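> Give the three-dimensional model of this entry:
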Amino acid sequence: MRKTYFLAAASAALVSFGTPAIAQDMDDKPFDGVYIGGTVGFDAQPNDVGSSILFDRTGDGRFGDTVTTPAGGNAFSPGFCNGAARSSANANCRNDKDNISYSARVGFDKQFGNIVVGAIGEFGKSEVRDSVSGFSTTPASYTMTREVDYNANIRARAGYALDRTLFYGTGGVAYAKINSTFETSNTANAFAAGGDDDAWGFVAGGGVEQKLGKHFSVGLEYLYNQYKDDGARVRVTQGSAPATNPFVLAPNTAGTDFRRSDDKFRWHSVRATAQFRF
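Model prediction:
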């Protein structure tokens, strides 16, 4: 009888001491506070059908002029393609390069019951590459390419938490430092590339985050990225070409300017995320 009483009393004591410990381990606001983390994912570009190179033959800063041969024909009649040229003779191009991306992030959330709101900042890099090419009757190819040196964004985040799982939407302003390059098989004219390499835009998407413990979480996230990139220019001058060269025909013998027709650099990102919450 005493033994039974002792076991019952011991059990009651364990329950009374264990209950606060379990309550301390439970987190009623698992998505509240400051966190740091990182992402790694894959970025894919939409197909820029119809992309081309535009020309300014008059030097007035307005693009859309036709580069003509001495006989009056279109010097770029072979056409254009949305990729990097494979050869000089025809509009046959390599596809744009889809690739990995990675970033570091810091954020802050505030949880109100099931509702979570917050802000997040990221700094990283996408390895995507986007090209457009034109082909002249010479024959010669002309390829303008853009890549990302680095990119960053600041965005809001809002979602709904089901226990330790958060579903959220996100969006905000973004910046990218663009590396623009130019290649051509034309060895007669002289080419000088330049222009603005700062691009501003936005990112938007959503995701899911899963807490694995008091401090750690992992997730899966989608973001649509879009930047306005219309600053790259190429100036073509005579070089060793004759005065009858289409790029320096009278009345404007100073040369011709190039720019891309597609002024938006866009891609889709699917990323795995990991966070440490303080």
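> Strands of the stretch 51-200 of the chain, residue ranges please.
53-56, 79-81, 84-85, 93-94, 99-112, 115-126, 129-136, 140-162, 165-184, 190-195, 198-211 (DSSP state E, counting those that start in this stretch).
> Least reliable of those strands by average pLDDT, please.
Looking at those, the lowest mean pLDDT belongs to strand 93-94 (a mean of 89).
> Output the contacting helices and strands for that one.
In terms of contacts (3 or more Cβ pairs under 8 Å, 6 or more residues apart in numbering; DSSP states H and E), strand 93-94 is packed against strand 84-85, strand 129-136. Every C-beta, even on glycine, is put in place using the N, C-alpha and C of the backbone.
> Was I right to think F182 contacts A192?
No. Using Cβ atoms under 8 Å, F182 makes no contact with A192, being 9.0 Å away.
> Compare these two (neighbour count), which wins?
F182 (17 against 11; other Cβ atoms under 10 Å).
> Would you quantify the distance from G118 to Q210?
The span separating G118 from Q210 equals 17 Å under the rule Cβ to Cβ, to the nearest Å.
> circling back to that earlier point, can you check which residues contact both of F182 and A192?
Residues touching both F182 and A192 (Cβ atoms under 8 Å, 6 or more residues apart in numbering): V234.
> I'd like the helices and strands packed on strand 93-94 as TSV, with mean neighbour count appended.
Shown next, in TSV, are these (neighbours: other Cβ atoms under 10 Å):
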stretch	mean neighbour count
strand 84-85	22
strand 129-136	24
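> who wins for proximity to T68 among those strands?
strand 129-136 (11.2 Å; Cβ to Cβ).
> Provide a list of residues in contact with the residue nearest in space to the middle of the chain.
The centroid of the chain falls nearest to N225 when counting by Cα atoms, centre = their mean (4.8 Å). Contacts for N225 (Cβ under 8 Å, 6+ apart) come out as 43, 126, 151, 174, 201, 203, 266-269.
> Doesn't it lie inside a strand?
Yes. Checked against DSSP: H, G, I helix; E, B strand; the rest coil, N225 lies within a strand.
> quick revisit: so which of the helices and strands packed on strand 93-94 comes closest to I100?
Minimum separation from I100 across the helices and strands packed on strand 93-94 (Cβ to Cβ) falls at strand 129-136, 12.1 Å.
> For the closest one, name the packing helices and strands.
Partner elements for strand 129-136 (3+ Cβ pairs under 8 Å, 6+ apart): strand 53-56, strand 79-81, strand 84-85, strand 93-94, strand 140-162.
> Name the residues that touch the third one?
I take that to be strand 84-85. Outside strand 84-85, the residues touching it (Cβ under 8 Å, 6+ apart) are 92-94, 131, 133, 135, 141-143, 145, 183, 185.
> got those residues as TSV, with distance to D196 columns?
Shown next, in TSV, are the contacts of strand 84-85 (distance: Cβ to Cβ, whole Å):
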residue	distance to D196
N92	31
C93	25
R94	26
S131	19
S133	22
F135	27
S141	25
Y142	20
T143	20
T145	16
E183	20
S185	27
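> Please, a ChimeraX command that selects the buried ones among the residues you listed?
Remark: buried members of the contacts of strand 84-85, expressed as a ChimeraX selection using 16 or more other Cβ atoms under 10 Å:
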select :93,131,133,135,141,142,143,145,185
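> any idea how far the closest residue to T181 other than its chain neighbours lies from F63?
Distances taken as Cβ to Cβ, 6 or more residues apart in numbering put T145 closest to T181, at 4.9 Å, once the chain neighbours are dropped. Noted for T145: a distance of 18 Å to F63, by Cβ to Cβ.
> Also T138?
Distance from T138 to F63, by Cβ to Cβ: 21 Å.
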